[in-house]
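Engineer: After the sequence you'll find the predicted model.
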Amino acid sequence: MKTVLITGANRSIGLELVKELSKKGLFVYLGTRDLEKGKAVVNELNKNGLQNIKPIQIDVTNPASILEAKNIIKNEQGKLDILINNAGISGEFPQSALDTSIEAIQNVFDTNFFGVISVTQAFLELLKKSDSPRISNITSGLGSLTLHSDPNWKYYDFKTAGYGTSKAALNAYTIVLAYELKDLPFKVNVIDPGYTATDFNHHNGPGSLESAADFIIKHTLTDENGPTGQFFSNDIEDETGISPW
C-alpha cells in the first residue's frame, strides 16, 4: 500500500485529496497543525466508510513539529511514497508592493515557501526509500510571471506582494528540486488546482473541490514516464494543462 502525506489537509482541497486518495487505496496521513481537529475530521471520515487515514500533527513553520511527524511515519511505514505540500496561507489583504510590511510578507513566505522547503528536505530520506516517489507542490496561477505580465490575462489586475510572489518563489524552487532529483525515480511538479471555492477565498472561486482534487491527483499519481519539473494548472484550457512560468 502506498503512503501519502498531505499538509494542511483538515479542510478544503487538502481534505478532498484525503478522501479521494483513501478511496483509491492509499494510506493517507492527514497533516494538520491542530491534532484534535484532525482526529475529529478523521472520525467523521471513518463514519462515512473511509479508511486508511491517520491524522498527524505537522506545522510547516515549526522544525520540531516537522521532525516529529517524519519520525512517526518512519517508525510506522519506513518510507513515504508521495508528499503533497498543500499547506498555505493567503496573508492579509490588500497586499501592495508599496506599503505592505516586511513582516506581513515574511509571514506568508514562512508557510508557502520556506515551509515547503523544510518539509521536503525533512522527508527526502523517506521518499528516497520509495520505488516511485512523488512530490507535488501546490501552487497558484498567481505565481506565473508570464501570465502576470500579460494585460489580457483574466487575473492580470489581481497582484499580491506576498501571496503571488511566494508562489512564484515556490515554482522556482521546484524547478531546482526537480533538476537535482532527475536521475532518481522522483517526479516533482507544481500543480495549480485553479481558482476554487474554498475557505481560503471565502468560497468565491468558480471551481469545485472535486475538480481541484482530481486535477492534483491526475498529475501526482503518474507512472515512470510521467513529467517532472513541470507547472500544471487547472485554469489552463487545453488538454496538456501546462502553464507558462
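Structural biologist: Okay, I see it.

Engineer: can you give me the helices for this structure?
Structural biologist: 12-23, 35-47, 63-77, 102-109, 115-127, 145-148, 163-180, 209-218 (DSSP state H).

Engineer: Tell me the helices and strands packed up against the third one.
Structural biologist: With contacts defined as 3 or more CB pairs under 8 Å, 6 or more residues apart in numbering; DSSP states H and E, the packing partners of helix 63-77 are strand 3-6, strand 27-32, strand 53-57, helix 115-127. All C-beta spots, glycine's among them, are computed from the backbone N, C-alpha and C.

Engineer: could I get those as a markdown table with distance to residue 245 and mean neighbour count?
Structural biologist: Formatted as a markdown table, these follow (distance: least, CB to CB, whole Å; neighbours: other CB atoms under 10 Å):
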| stretch | distance to residue 245 | mean neighbour count |
| --- | --- | --- |
| strand 3-6 | 25 | 26 |
| strand 27-32 | 27 | 26 |
| strand 53-57 | 32 | 20 |
| helix 115-127 | 17 | 20 |
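
Engineer: Compare those and give me the one nearest residue 68.
Structural biologist: Relative to residue 68, the nearest member of the helices and strands packed on helix 63-77 by CB to CB is strand 53-57, separated by 7.3 Å.

Engineer: Tell me which strands that closest one pairs with, and in which orientation.
Structural biologist: Using DSSP bridges, strand 53-57 pairs in its sheet with strand 27-32 (parallel).

Engineer: Check the burial of residue 83 by counting its neighbours.
Structural biologist: Neighbour count of residue 83, defined by other CB atoms under 10 Å: 29.

Engineer: shouldn't it be in contact with residue 120?
Structural biologist: Yes - assessed by CB atoms under 8 Å, residue 83 is found in contact with residue 120 at 6.7 Å.

Engineer: Common neighbours of those two, please.
Structural biologist: Counting by CB atoms under 8 Å, 6 or more residues apart in numbering, the shared contacts of residue 83 and residue 120 are residue 135.

Engineer: Please identify which of the helices and strands packed on helix 63-77 is closest to residue 143.
Structural biologist: It's helix 115-127; of the helices and strands packed on helix 63-77, that one is closest to residue 143 (CB to CB) at 12.2 Å.

Engineer: average model confidence for that closest one?
Structural biologist: Helix 115-127 shows a mean pLDDT of 98.

Engineer: Measure how it sits relative to helix 63-77, angle-wise.
Structural biologist: 30 degrees (axes from the mean of the first three to the mean of the last three CA atoms, to 10 degrees).

Engineer: other SSEs contacting helix 115-127?
Structural biologist: Partner elements for helix 115-127 (3+ CB pairs under 8 Å, 6+ apart): helix 63-77, strand 82-85, strand 134-138, helix 163-180.

Engineer: Can you pull up the most central residue in the chain?
Structural biologist: By CA atoms, centre = their mean, the chain has its centre lying nearest to residue 86, at 2.5 Å.

Engineer: Distance of that residue relative to residue 115?
Structural biologist: As judged by CB to CB, to the nearest Å, residue 86 and residue 115 stand 11 Å apart.

Engineer: on that earlier part again, nearest to residue 108 among the helices and strands packed on helix 115-127 would be which one?
Structural biologist: helix 163-180 (5.0 Å).
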